[in-house]
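> attaching a predicted model along with its sequence, questions to come.
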Amino acid sequence: MNKKKIGLLAFITMLAIGMLIGCSSTNKENSADEKNEKTRVVKHELGETKVKENPKRVVVLELGFIDALLDAGIKPVGVADDDKAEQLIDKDVLKEIKGYKSVGTRAQPSLESIKLLKPDLIIADSERHKNVYKELSKIAPTIELKNLNANYDDLLNTELKVGEAVGKKAKVEKVVEEHKQKMKDLKAKAPKNPGNVLVIADANGNINARTSNFFTTGVLEQLGFKNALTDPTKEYSVKMTMEQLVKADPDKLIVMRNEKGHTPLAKQPLWKELKAVKNNQVYEVDVFKWSLRRSVQGANGIADEAEKLLFEGK
């Protein structure tokens, strides 16, 4: 073997050794970084999860979590939006989170889509997503909080828990305190005898009445109104016949619909027997705003609209 070949072989050998040492050094540095990365333990509905101190890439699987995350100053990289973002998400919120990726439906989020986003935190619903918690946790640290079946107090606690999970506890606590003060101020402006109220969803003439376990009803109760449904139940919604609605006979009736125009219930003969109908105290509202935006900001919006409708009769 001549000197040129020997020299070339020696050079290649040294280069290979250098690359191996470099890779080894890089791997050790990365491993050290991972070990030194600070985390916090977050308690949630399904247990405890170690979360990065300041997670940046967050995926949310319920609409209400979007608001909570924005209140913490973080935009989600992925949202389960049912592929109906313009219909389900407030237009101003949609502008704020522009650029996020859809991860499918809330009922069946796409695990593959979530994985591709390389999240460092997933926020899921403790009822809707409890059966996929293990699968989600394999992708990224996952916390499961109340939203789908949440009452008013649950939503405040969920908001605070999101703030804790993303390292913005003080920031979110301030948002919650401002909300509580807003509710106190509005209650002080409410009529002295506001009477009772019933919130119903009109699904093509079918009546689903909201109990005190529903967050919207909870917002109205914070303003001083009483729920016309008095029978104790753990459910947040109960089906009613028109006869049962007439028996409940609320002073004020709020009808949640996803279409503009008069409710189909108005065509039923017993409709005119309702006190609220006789006194012109029936109010049709957007079902998405009053039912799906389960968050502190959603509660603020409901309270503002309730003031206009129920306090002033507009």
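Now that the structure is in, tell me what you want to look at.

> which strands and helices sit next to the longest strand along the chain?
In the chain, with assignment by DSSP state E, the single longest strand is strand 196-203. Counting by 3 or more Cβ pairs under 8 Å, 6 or more residues apart in numbering; DSSP states H and E, the packing neighbours recorded for strand 196-203 are strand 206-210, helix 215-222, strand 226-227, helix 242-248, strand 252-257. For glycine as for every other residue, the C-beta is placed from the backbone atoms N, C-alpha and C.

> can you list the buried residues in that strand?
Buried residues in strand 196-203, counted by 16 or more other Cβ atoms under 10 Å: 196-202.

> so how far is R293 from the residue nearest the centre of the chain?
Geometric centre of the chain, nearest residue: G64, 1.6 Å, by Cα atoms, centre = their mean. Distance of G64 to R293, given as Cβ to Cβ, to the nearest Å: 6 Å.

> check T158 too.
Counting by Cβ to Cβ, the gap from T158 to R293 is 13 Å.

> next, the buried residues of stretch 64-83.
64-72, 74, 76-82.

> what's the mean pLDDT across it?
Mean pLDDT, stretch 64-83: 98.

> picking up where we left off before, how much does the longest strand of the chain deviate in direction from strand 206-210?
Calculated by axes from the mean of the first three to the mean of the last three Cα atoms, to 10 degrees, strand 196-203 forms an angle of 140 degrees with strand 206-210.

> strand 196-203 pairs with which strands?
Strand pairing for strand 196-203, determined by DSSP bridges: strand 206-210 (antiparallel), strand 226-227 (parallel), strand 252-257 (parallel).

> just say which of those strands is most tucked in.
Comparing the strands paired with strand 196-203 by mean neighbour count (mean count of other Cβ atoms under 10 Å), strand 252-257 ranks first with a mean of 23.

> send me the helix or strand following it as CSV with only the CA atoms.
Next helix or strand after strand 252-257 toward the C-terminus (DSSP states H and E): helix 275-278. Provided in CSV are the C-alpha atoms of helix 275-278 (Å, rounded to 0.1, in the frame of the first residue of the first chain):
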residue,chain,number,x,y,z
LYS,A,275,-96.3,33.0,31.6
ALA,A,276,-93.1,34.1,29.8
VAL,A,277,-94.9,34.1,26.4
LYS,A,278,-97.8,36.1,27.8
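
> then the helix or strand just after helix 275-278 to CSV, C-alphas only?
Remark: after helix 275-278, the chain's next helix or strand is strand 282-286, criterion DSSP H and E. Provided in CSV are the C-alpha atoms of strand 282-286 (Å, rounded to 0.1, in the frame of the first residue of the first chain):
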residue,chain,number,x,y,z
VAL,A,282,-89.0,34.7,25.9
TYR,A,283,-85.5,35.3,24.5
GLU,A,284,-83.8,33.4,21.8
VAL,A,285,-80.0,33.1,22.0
ASP,A,286,-77.1,31.6,20.1
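
> strand 282-286 to strand 252-257, inter-axis angle?
Going by the same axes, to 10 degrees, strand 282-286 makes 30 degrees with strand 252-257.

> which neighbouring elements make contact with strand 282-286?
strand 252-257.

> how many neighbouring residues does E178 have?
12 (other Cβ atoms under 10 Å).

> show me where pLDDT drops low in the chain?
Within the chain, the set of residues satisfying pLDDT under 70 comprises 1-36, 260-261, 312-314.
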